[in-house]
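J.: Pasted the sequence and its predicted model underneath.
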Amino acid sequence: MKHYGPPRKHAALLVALAADAVQWILLPFFVPGLPSVWDTALDVVVALIVIRLVGWHPAFLPAGVAELVPGLDLFPSWTAAVWFATRKKLPPAPTPAP
């Protein structure tokens, strides 16, 4: 997996936050039916943007599936997935010398 710098991580997090905020604020427009096409389109665009910014991560798959489930899509899944994908990993513990 490639390592991307903070500007890309921050941009991906901002995109995810904005998408989750839009889905909350415009909730009445994203109810099942015709407008839900816009909700799905937003999710596809967000997925493409965050993958482009930080690369593929397995956390994006459950986030995308969660966005398809009515009610579960209210959880900020894109924000959580981007945070999980870009969190700083702990360095391996040093092994004691024999």
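T.: Cool, got the structure. Numbers count the residues shown, from 1 in each chain.
J.: looking at it, residue 78 is touching residue 63, isn't it?
T.: Yes. Using CB atoms under 8 Å, residue 78 is in contact with residue 63, at 5.6 Å. Every residue, glycine included, has its C-beta placed from N, CA and C.
J.: neighbour-wise, which of these two wins?
T.: Legend: neighbour count by other CB atoms under 10 Å for residue 78 and residue 63, higher for residue 78 (29 against 25).
J.: Assign the most centrally placed residue in the chain to helix, strand or coil.
T.: Nearest residue to the geometric centre of the chain (CA atoms, centre = their mean): residue 78, 2.6 Å. What DSSP: H, G, I helix; E, B strand; the rest coil gives for residue 78 is helix.
J.: Now do the same contact list for the nearest residue to it once chain neighbours are set aside.
T.: Among residues not flanking residue 78 along the chain, residue 16 sits closest, at 3.9 Å (CB to CB, 6 or more residues apart in numbering). By CB atoms under 8 Å, 6 or more residues apart in numbering, the contact set of residue 16 is 46, 50, 76, 78, 79, 81, 82, 83.
J.: how near is residue 41 to residue 23?
T.: 12 Å (CB to CB, to the nearest Å).
J.: and the helix or strand harbouring residue 8, what's its mean pLDDT?
T.: Taking DSSP states H and E as the criterion, the element that holds residue 8 is helix 6-25. Taken as a whole, helix 6-25 carries a mean pLDDT of 91.
J.: tell me which residues in that helix are buried?
T.: 8, 9, 11, 12, 13, 15, 16, 19, 20, 22, 23 (16 or more other CB atoms under 10 Å).
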